[in-house]
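1. test case, fold it:
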Amino acid sequence: QLMEFGGGLVQPGGSLRLSCAASGFRLEHYYVGWFRQAPGKERERVSYISRSGTNTYYEDSVKGRFTLSRDNAKDTVYLQMNSLKPEDTAVYYCAADLAVSGIDWPFYSGRMEYWGEGTLVNVSS
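-> Here you go, the predicted structure:
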């Protein structure tokens, strides 16, 4: 089971940090991805991070504003979101996958192995 923390209401231009933690398994062994779903829209990819944290990927829509990191000692992944825009408003989900054959298919297809229930980020003045 995955759990997300840190959502809330923030003004445009503000920042939030989301956290993702696991229950029942060690998150450090998994690639972790973030996805989001805005009201009335399909779920979309946001970012992923490798097991070691060495490799990260960001969709163009968040590149330069969002930073994904992980603290394997705390077994937690963090999504730092800066310069937030109203269009970032969505439910944000973290997902984890062992990615035995690579992260591409699980991430790009949205078929990661474990998913959290999501946390709402509302960017509004």
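2. where does the spatially most central residue of the chain land on pLDDT?
-> Centroid-nearest residue in the chain: residue 34, 2.4 Å away (criterion: C-alpha atoms, centre = their mean). pLDDT, residue 34: 98.
3. what's the answer for residue 102, then?
-> pLDDT at residue 102 comes out at 87.
4. residue 123 too?
-> In this model, residue 123 carries a pLDDT of 98.
5. any idea what it is bridged to?
-> residue 10 (DSSP bridges).
6. residue 84: what's its closest spatial neighbour, skipping adjacent residues?
-> Nearest residue to residue 84, sequence neighbours excluded (C-beta to C-beta, 6 or more residues apart in numbering): residue 123, at 4.6 Å. Yep, even glycine has a C-beta here, placed from its N, CA and C like the rest.
7. report how many residues lie close to that neighbour.
-> 19 (other C-beta atoms under 10 Å).
8. again, but for residue 17
-> Residue 17 - counted by other C-beta under 10 Å - has 13 other residues nearby.
9. so it sits against residue 82, correct?
-> No: using C-beta atoms under 8 Å, residue 17 is not in contact with residue 82; the gap is 9.4 Å.
10. and the residue nearest to the centre of the chain, what element?
-> strand 31-37 (DSSP states H and E).
11. returning to that earlier point: which residues are in contact with the residue nearest to the centre of the chain?
-> The neighbours of residue 34, taking C-beta atoms under 8 Å, 6 or more residues apart in numbering as the test, are 18, 20, 46-48, 68, 79, 92-95.
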